[in-house]
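Enquirer: give me a model of this one.
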Amino acid sequence: MFIFTIICSLFINKKKEYTDESRFYRFLLETTTAIAVFFGRIHLHVTGLEKVPEDRKFLLVQNHRSNFDPILSWLVFKKSKLIFITKPKNFTRPVFGAIIWRLRFIGIDRENPRNALKTILKAADYIKKGDTSVGLYPEGTRNRGEDAMLPFRHGSLKIAQMAKCPIVVTTMMGSANIAKNFPWRATDVYVDVLDVMEPETFETMTTVDLGEHIRDMMMSKVQERLNDRT
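Expert: Here you go, the predicted structure:
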């Protein structure tokens, strides 16, 4: 399967701006991920998945502790055709860089406000059209330290206000242990869907107030998971 995926990735033109979802490459992405999760001995524990809307696209927000976070998320939320706002360098990675390009993951240049705004507009447009749900990490980067969470960059939450879509608030814990546990130990990863915020509940909020409200929710669950390990 992996060899087939490698070969198929060679047919993707990363100079082309794709405008539609590819069921074929989505299948490849999810299948190879599921195989990797199995052989990587990653045990996913998911709560609250029943809250996620199946008839609407949404903005998914999550804390960020590992490069494995988006990989596991697109598997957990596969019914929603999830894509992520990501660093442009991820498109240069072998095989999967091409596949996520084909599936229209969106690169963001945080150092250039004008380009960052274009990313926000594109993400909102995808959701409004019902093409795909979009995931992002409001912390802006991986949390490699001891803090439960990093401060939020609130501006990206404007996507949900512009798209008038739900915000699915989630946390993921345990993914940072995958690399150090493999291959000798299994890894438990906990994905919790905390809330689905309907657009009318935050349409008049500033992105700062919205971000802090979401961060408080996430912080409470992250701290709970950290306490469970001690």
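Enquirer: hey, let's count contacts and neighbours off CA atoms from now on
Expert: OK.
Enquirer: helices or strands up against the helix ranked longest in the chain?
Expert: Ranked by number of residues, the top helix in the chain under DSSP state H is helix 207-229. Applying 3 or more C-alpha pairs under 8 Å, 6 or more residues apart in numbering; DSSP states H and E, one finds that helix 207-229 contacts strand 167-173.
Enquirer: quick one: contacts for residue 151?
Expert: residue 139 (C-alpha atoms under 8 Å, 6 or more residues apart in numbering).
Enquirer: ok, so what distance separates it from residue 85?
Expert: 18 Å (C-alpha to C-alpha, to the nearest Å).
Enquirer: quote the end-to-end distance of stretch 95-107.
Expert: Terminal-residue distance, stretch 95-107 (C-alpha to C-alpha): 17 Å.
Enquirer: report the central residue of the chain.
Expert: Nearest to the mean C-alpha position of the chain, by C-alpha atoms, centre = their mean, lies residue 135 at 3.8 Å.
Enquirer: which SS state does that one fall under?
Expert: Classification of residue 135 using DSSP: H, G, I helix; E, B strand; the rest coil returns strand.
Enquirer: per-residue pLDDT, it?
Expert: Residue 135 is assigned 97 on the pLDDT scale.
Enquirer: that one bridge partners, please.
Expert: residue 60, residue 84 (DSSP bridges).
Enquirer: looks like it contacts residue 60 (just checking).
Expert: Yes. Residue 135 is in contact with residue 60 according to C-alpha atoms under 8 Å; the separation is 4.4 Å.
Enquirer: how near is residue 208 to residue 152?
Expert: 9 Å.
Enquirer: compare neighbour counts for these two and give me the winner.
Expert: residue 152 (19 against 15; other C-alpha atoms under 10 Å).
Enquirer: secondary structure class for the more buried one?
Expert: coil.
Enquirer: I figured it hits residue 216, correct?
Expert: No. Assessed by C-alpha under 8 Å, residue 152 is found out of contact with residue 216, at 10.8 Å.
Enquirer: how about low-confidence regions in the protein?
Expert: Counting by pLDDT under 70, the chain has low-confidence residues at 146, 230.
Enquirer: do a quick rundown of the strands in it.
Expert: Shown for the chain, the strands assigned by DSSP state E span residues 42-47, 59-61, 82-86, 106-107, 133-136, 167-173, 187-197.
Enquirer: tell me the most buried of these?
Expert: Counting by mean count of other C-alpha atoms under 10 Å, strand 59-61 has the highest mean neighbour count of the strands of the chain, with a mean of 26.
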